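>>> A predicted structure for the sequence below; I have some questions about it.
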Amino acid sequence: MTSLDLYFARHGDTFAPGQKVVWAGSKNDLPLAPRGIEQAQDLGRAFAAAHISPRKVITGPLERTREFARLALAELGSQVTPSIDRRLDELDYGAWSGLSNGEVMERFGKRELELWNAMSIWPKDAGWGGSEAEARGELHALVQELVEGEVGPVLLVSSNGRLRYVLTLIERELERRIKDQTFKIKTGNLAKLHWDGTQFSLPFWDITPAEFTARTR
């Protein structure tokens, strides 16, 4: 297997300032907010400045991921047409979907919310769809297909709930980042997973497009 760079981006903001922020999972197909559109354009400009043009782009099925990829590619001037893969879909947050953090705590208590936010422990009593093992396994299967079949950089656009499982491709990386609370990717930010033909490494995680530009100058 040849080496391969996989860039993972989290879609941009879906809530405008002052708007109620809720748990938006796979059943909440929200558009990008104005700031989310700007974040997508920022990412496209960062790739252009780095002279990196993905040969393949894959997004989850939700509008926020598809639109983010489309806007970034337009800014980059790329002719690549993104493909959709449900293995990059946001998680199904079940009974939490459409609720704010405060509403989740009022209805279900704060314990499971705290465990997910701080420890990435999958809630047992929130009616989430699927399982942690399935979410992790789907991501691993997609990455394995890419390292076996692609020869150029790939951009994958997904959501925060799903992207943390990129870290499980490297032994103990998720656990280490849970300890220092760096396992999440902020909206509009980027991570890079490198396959050298034998193993994965993580050159960077959760950086802004501006930081990406600075790294590649």
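In hand now; what should we look at? Numbering: from 1, shown residues only.
>>> Quick check: which ranges of the chain have low pLDDT?
1 (pLDDT under 70).
>>> what's the longest helix in it?
Across the chain, the longest stretch assigned as helix under DSSP state H is helix 132-149.
>>> Next secondary structure element downstream of that helix?
Using DSSP states H and E, the helix or strand that follows helix 132-149 towards the C-terminus is strand 154-158.
>>> Give me the sheet partners of that next one and which way each runs.
Strand 154-158 has its sheet partners listed here by DSSP bridges as strand 4-10 (parallel), strand 56-59 (parallel).
>>> Using a markdown table, lay out those together with distance to residue 170 and mean neighbour count.
To be clear about C-beta, it is placed using only N, CA and C from the backbone, and glycine gets the same treatment. Output for these, formatted as a markdown table (distance: least, Cβ to Cβ, whole Å; neighbours: other Cβ atoms under 10 Å):
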| stretch | distance to residue 170 | mean neighbour count |
| --- | --- | --- |
| strand 4-10 | 12 | 22 |
| strand 56-59 | 20 | 22 |
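>>> wait, which of those strands is closest to residue 34?
Set against residue 34 and scored by Cβ to Cβ, the strands paired with strand 154-158 come closest in strand 4-10, at 17.2 Å.
>>> can you list contacts of that closest one?
Contacts to strand 4-10, defined as Cβ atoms under 8 Å, 6 or more residues apart in numbering, come from residues 43, 54, 68-69, 72, 143, 146-147, 150-160, 163, 166, 185-195.
>>> Which among the residues you listed count as buried?
43, 54, 68-69, 72, 143, 146-147, 150, 153-160, 163, 166, 185, 187-193, 195 (16 or more other Cβ atoms under 10 Å).
>>> re earlier: so which of the strands paired with strand 154-158 is nearest residue 19?
Per Cβ to Cβ, nearest to residue 19 of those: strand 4-10, 18.5 Å.
>>> packing partners for the helix or strand just after that closest one?
Toward the C-terminus, strand 4-10 is succeeded by helix 34-49 as the next helix or strand (DSSP H and E). Other helices and strands packing on helix 34-49, by 3 or more Cβ pairs under 8 Å, 6 or more residues apart in numbering; DSSP states H and E, are helix 63-76, helix 209-216.
>>> Go ahead and confirm residue 159 touches residue 14.
No - if you go by Cβ atoms under 8 Å, residue 159 and residue 14 don't touch, sitting 9.7 Å apart.
>>> shared neighbours of these two, anything?
residue 64.
>>> returning to that earlier point: any idea which of the helices and strands packed on helix 34-49 is most buried?
helix 63-76 (a mean of 22; mean count of other Cβ atoms under 10 Å).
>>> residues making contact with that one?
9, 11-12, 14, 29-32, 36-37, 39-41, 43-45, 47-48, 53, 57, 59-60, 80, 82, 84, 88, 155, 157-159.
>>> what angle do that helix and helix 209-216 make?
50 degrees (axes from the mean of the first three to the mean of the last three Cα atoms, to 10 degrees).
>>> For residue 167, list the residues it contacts.
Contacts of residue 167 (Cβ under 8 Å, 6+ apart): 173, 174, 177, 183, 202, 205.
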